[in-house]
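Participant: sequence and predicted structure below; questions after.
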Amino acid sequence: MKILVTGAGGFLGFEIAKKLVQEGHEVINFSRSHHTKLDQYKIKTVQGDLRKYSNIEKALIGVEAIFHVAALAGVWGKKEDFFGINYDGTKNLVDAATKLGVKKFVYTSTPSVVFGHEPLIGVDEKTKYPDHFYTFYAESKSLAEKYVLAANSSSFLTCALRPHLIWGPGDPHIVPRLVERAHAKKLKMVGDGENLVDVIHVVNAANAHVLAFKNLEVGSPVAGSAYFIGQERPVKLWTFINQILEQKKAPKISSRVSFKVAYGMGAILEGIYKTFGLYHKEPLMTRFVAMQLAHSHYFSQEKAKKDFGYQVQLTVEEGLKTL
């Protein structure tokens, strides 16, 4: 098939695009710039902005399926930036795809769409969206996910995957930030260090997307559904972080701050940054980050295993060696 991957030059998007090419598909990248690493896989780029409907229409000529991976991620920033790219951009893509007869749409969502104030312990896809979101990222992604799933029909098949804390070689986000903060001695354990979280190696995340795509057919339970995906087991967050730091020859984390102190600091800093309009720079702590670092949040993957045969290709231990 001719498949469009938004953000194919990004961390997860590149892994998905490579896998699709290896399976014989023609892949087109849609992003604001071309990435030279795509050339060796003969992946052409259509440059454009998700917020501009005309850009998307041009990119979808002849396209039969879409993997929508691109998004604006982060815990801080302006609401209009997150909503413009994550919600309006997704809506534009869905609307253009249905108009032009695209058959399949696989959306990269996030477990953040169900994050509220409480820990999430082994919950499944029946978990409802929270009444209050602590980041514009999570709120905008939840609205986009709802729009994608509501658009599912016999002629336009959709699904959403929620990979949690993607890591692996080439990660431009989690691992570099941990290493940088560890070297700068700006990283402290939040809470008691016993909280369990789901993580997922980028190879496993890409494989899950392609498996869901293959099983996205009329009458399949995949159509119109969302799925949590992660590793073979949740990890103790701070043990896992120290394992990563050890692999990267960075100092391990030993100092600690209580959740209450971190959460309070986050609330104060958010208030200061909002008051002075400091949206270009992320606060050292936010309430959302405090909850992420101190609370358990892991999910059942039984639905993904049952509906499209998801299984881990790289274990946590094997994945750590790839760093």
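Facilitator: In hand now; what should we look at? These numbers were taken from a predicted model, which means no experiment stands behind them.
Participant: thought residue 202 was touching residue 172?
Facilitator: No - in this structure residue 202 lies outside contact range of residue 172 using C-beta atoms under 8 Å: 11.1 Å. The C-beta positions use only the backbone N, C-alpha and C, and glycine is treated the same way.
Participant: name the residues contacting each of those two.
Facilitator: residue 11 (C-beta atoms under 8 Å, 6 or more residues apart in numbering).
Participant: of those two, which one has the most company?
Facilitator: residue 202 (22 against 9; other C-beta atoms under 10 Å).
Participant: so the closest residue to residue 185 other than its chain neighbours, which state does it fall into?
Facilitator: Ranked by C-beta to C-beta, 6 or more residues apart in numbering and with sequence neighbours excluded, the top spatial neighbour of residue 185 is residue 251, at 7.7 Å. At residue 251 the chain is in coil, as set by DSSP: H, G, I helix; E, B strand; the rest coil.
Participant: count the neighbours of residue 251 for me.
Facilitator: Counted with other C-beta under 10 Å, residue 251 comes out at 13.
Participant: how near is it to residue 245?
Facilitator: 7 Å (C-beta to C-beta, to the nearest Å).
Participant: and residue 51, by the same measure?
Facilitator: Distance of residue 51 to residue 245, computed by C-beta to C-beta: 38 Å.
Participant: now do residue 206
Facilitator: For residue 206 relative to residue 245 (C-beta to C-beta), the value is 25 Å.
Participant: check residue 30 too.
Facilitator: 35 Å.
Participant: neighbour count winner among these two?
Facilitator: Between residue 30 and residue 245, counted using other C-beta under 10 Å, residue 30 has the larger neighbour count: 28 against 20.
Participant: now the more buried one: which helix or strand?
Facilitator: Element membership for residue 30, per DSSP states H and E: strand 26-31.
Participant: check which element follows that strand along the chain.
Facilitator: Per DSSP H and E, the first helix or strand lying C-terminal to strand 26-31 is strand 44-47.
Participant: contacts for the helix or strand following that following strand next, please.
Facilitator: Later in the chain than strand 44-47, the nearest helix or strand by DSSP H and E is helix 53-59. Helix 53-59 has contacts (C-beta under 8 Å, 6+ apart) with 4, 28, 30, 46, 48-50, 92-93, 95-96, 99-100.
Participant: if you set the cut-off to 10 Å instead, what comes out?
Facilitator: 4, 6, 28-32, 45-50, 52, 66, 88-89, 91-97, 99-100 (C-beta atoms under 10 Å, 6 or more residues apart in numbering).
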